[in-house]
Structures are given as structure tokens and as C-alpha cells.
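> Sequence first, then the predicted structure:
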Amino acid sequence: MLRALLCLVLLARIGNAEPVKLRLGTVAIDGTKYMEDITAFSADVAKRTAGTLELAWYPSGQLGDEKQMLALIRDGKLDGAGFSENGLVAAVPEMAAWRFPGLFASYAEVDRATEALGDEVRQLFAKQDLVFAMWADLGFANVFTADAPPASLRELLVRAAPWLTQALEPALFASITAGKARAWAMPPLYMFAIGQVQPRALSRLPYRYVVGGLVIAHGAWARLTAEQQAAVTAACAVWEPKLRARWRRETDAAIATLARTGARVTTPTAGELAAFFTAAAAGRGAQPPPLLAHIVAAVAGTSPNGR
């Protein structure tokens, strides 16, 4: 009888306990489809944990840019963030390897590389006391121009050259809206986030792929029970491919909208693609950094973990 009463008391305390709350930041704008997906993912986590874990998001960059959010994570004032490539590279400089142009020709190659390199990436973040929970890639960066459509892909790349190496950060966006950058590379969905600019042409050249991810501070992760950690991991496994498919459809819709509103959409010829990928491969050097070399190997199917 005494044991039964103790169990009832314990269960009552558990039922009345406040849920564990993880505070997460993002620059994604509140009310967008991206935030709708984040909200749905968070609701799934709450359901899987029977309401014992809450993901509390601070959207619209209200906590600052991604480098500022990373600083808050380092100081223990924030538990994690949904990062674009900028936050990932700030946290783990080796992640800059994903920024190299010409690594991927298709979504299938991206998927093969992220799957094959998942463990290596998680280990890199673990060394920084961070948990890499889920990929949230943002699509291929295509090449846009605000001027008359070029006669060739080569001409477009020469026109865009001064801006191709710039990170997808406010400085580049300001240069585009001010008319200083006349050609640039970024995912089509970014054009709608920037607003104010109607490109005259875009090439569907897969110039480079833009990755993102959900990152959680190790200390915050350690506060979760084993059951809560397993629930988050399971939710990420379900939502990672779901979000990836959703945003690839959104990218196609964005390109169609740009075409309807006056942008000339072109597809590189086989010869142009071959020349681009050859030049991109040469630009990586004879001894690329380990992560970059592993990405290339995974795409080629020669990585031990590649398929």
C-alpha cells in the first residue's frame, strides 16, 4: 500500500511538473512557411514527449544575426538555433567546405553527401560542445543578374565574379538592393526574402548548395532525459526529409514565379556544365581540406560511408 501511494505521489509530481523548455533562435521571419514548418516540427516534439519538452522559438532575428545567436549559445543564454550556413560556419569553420562551387550537380548528390558525412559533421560540432540535430538545407544557389540577359553562362559568371565569394549575409543583400551588385548567386527563395529587386535573368546552374541545420548546445541537450533525447532524434529523422522535400518544391515554385514576373530563366548547355564543373574541381586544389575531400568522395561514391 505504501509503495502504491508513493508511486501515485511521484506520478502527480511528474504530471504537474513544468515542461523542460529549449530556447531556440532563428532569423526566419515569423508568419512565413518556414516558421510554419518549424512550429509543426516543435508540436511533433511536444507530442512525442507527452508535453514534457517545449521548443520555444525566437524568430525574425529578434536575438540578432546568427553570429550573435551563437555567442548567446556560448554564454548559456540560448539553447540552440536553426542556422543557415552562416551560423554553421561560425560554429564550426570546417563547414565552409560546403560553400565550394560545383560540388553537386543534383539533389541526389547532395543527399548522398549529407548522409555519408552525417557522423563526421556531428563529431565536428561535438568538439565545439554542440549537438548537430538535423540538416535543414536551403537549396541550390543559382546565378542571377539585374542587367540584360548575358549571351552565355561564361559571360554571366564573369559579371557575377565580384560577388560570388560573398557570404549570404546582409552586406551582400544591401549591395543587391542598392544596385551595386549586378549579378550574384543565391537560392531563389532568398530573392523573395530580400524583396525590392526584380532580376532580369537567372541561370539554373547549380552553382553551389546552401546547407543549414538545427544545432543545440551540449549543456542544454544534457538537461533532457534519455527519453526526451530519443524523441527529438526521432522527430528530426522524420522531419529532415520532409522539410527537404517541402523546400525543394518551394524553390521550384519560386523560380516559376520569377519567370512569370519577367525574369528570363535559362538552363546551361551540357558543354557549359562540363566546363563549369571542370573549373570548379580545379579550384579546390590538389590537397583540399579533409571535409571537402570527403564530400567530393561521397558524391563520387568512393567514400567508405558513401553509397
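On my side now, so go ahead.
> Tell me the helix or strand right after the helix ranked longest in the chain.
As assigned by DSSP state H, the longest helix anywhere in the chain is helix 226-260. Per DSSP states H and E, the first helix or strand lying C-terminal to helix 226-260 is strand 264-266.
> what about the next helix-or-strand element following that next one, distance to the chain center?
As assigned by DSSP H and E, the chain's next helix or strand after strand 264-266 is helix 270-283. Relative to the chain's own centre, helix 270-283 is displaced by 25 Å; criterion: Cα atoms, centre = their mean, to the nearest Å.
> again, but for stretch 287-295
The chain centroid and the centroid of stretch 287-295 are separated by 20 Å, computed with Cα atoms, centre = their mean.
> what does it contact?
Residues from elsewhere that reach stretch 287-295, judged by Cβ atoms under 8 Å, 6 or more residues apart in numbering: 94-95, 97-98, 100, 103, 113, 116-117, 120-121, 124, 284, 296, 303. Glycine gets a C-beta too; all of them are placed from N, C-alpha and C.
> Nearest to residue 72 among those?
Proximity to residue 72 was ranked across those by Cβ to Cβ; first place goes to residue 95, at 19.2 Å.
> thinking the closest one is in contact with residue 124, fair?
Yes: using Cβ atoms under 8 Å, residue 95 and residue 124 qualify as a contacting pair, with a distance of 7.3 Å.
> OK, contacts around the residue nearest to residue 152 when sequence neighbours are not counted?
In this structure, residue 152 finds its nearest non-sequential neighbour in residue 272, 7.3 Å apart by Cβ to Cβ, 6 or more residues apart in numbering. Each residue near residue 272 by Cβ under 8 Å, 6+ apart is listed here: 152-154, 205.
> List only those of those flagged as buried.
By neighbour count, with 16 or more other Cβ atoms under 10 Å, the contacts of residue 272 hold 153, 205 as buried.
> Low-confidence bits of the stretch 201-307 of the chain, can you list those?
Residues of the stretch 201-307 of the chain meeting the criterion pLDDT under 70: 303-307.
> Please repeat the previous calculation with a cut-off of 80.
The stretch 201-307 of the chain contains residues with pLDDT under 80 at 302-307.
> Over to the stretch 1-150 of the chain?
The model of the stretch 1-150 of the chain has pLDDT under 80 over residues 1-17.
> and of the contacts of residue 272, the nearest to residue 90?
Using Cβ to Cβ, residue 205 comes nearest to residue 90 of these, at 27.1 Å.
> quick revisit: which one of the contacts of stretch 287-295 is nearest residue 195?
residue 98 (26.4 Å).
> For the closest one, give me its contacts.
When contacts are counted by Cβ under 8 Å, 6+ apart, residue 98 touches 85, 88, 209, 211, 295.
> Now, those that are in strands?
Among the contacts of residue 98, DSSP state E puts residue 209 in strands.
> Among the contacts of residue 272, which are located in strands?
Members of these lying in strands (criterion: DSSP E): residue 205.
> want to throw the contacts of residue 272 into TSV with distance to residue 47?
Below are the contacts of residue 272 laid out as TSV (distance: Cβ to Cβ, whole Å):
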residue	distance to residue 47
152	53
153	48
154	52
205	42
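> wait, which of the contacts of residue 272 is closest to residue 59?
Nearest to residue 59 out of those is residue 205 (Cβ to Cβ; 31.5 Å).
> That closest one touches residue 273, doesn't it?
Yes: with contact defined as Cβ under 8 Å, residue 205 counts as touching residue 273 (7.5 Å).
> For the stretch 51-200 of the chain, just list every one of the helices.
For the stretch 51-200 of the chain, the helices defined by DSSP state H, counting those that start in this stretch occupy 66-74, 85-91, 107-116, 118-126, 153-164, 170-177, 188-194.
> quick one: buried residues of the last one?
Right, the one you point to is helix 188-194. For helix 188-194, the neighbour count (16+ other Cβ under 10 Å) marks 188-191 as buried.
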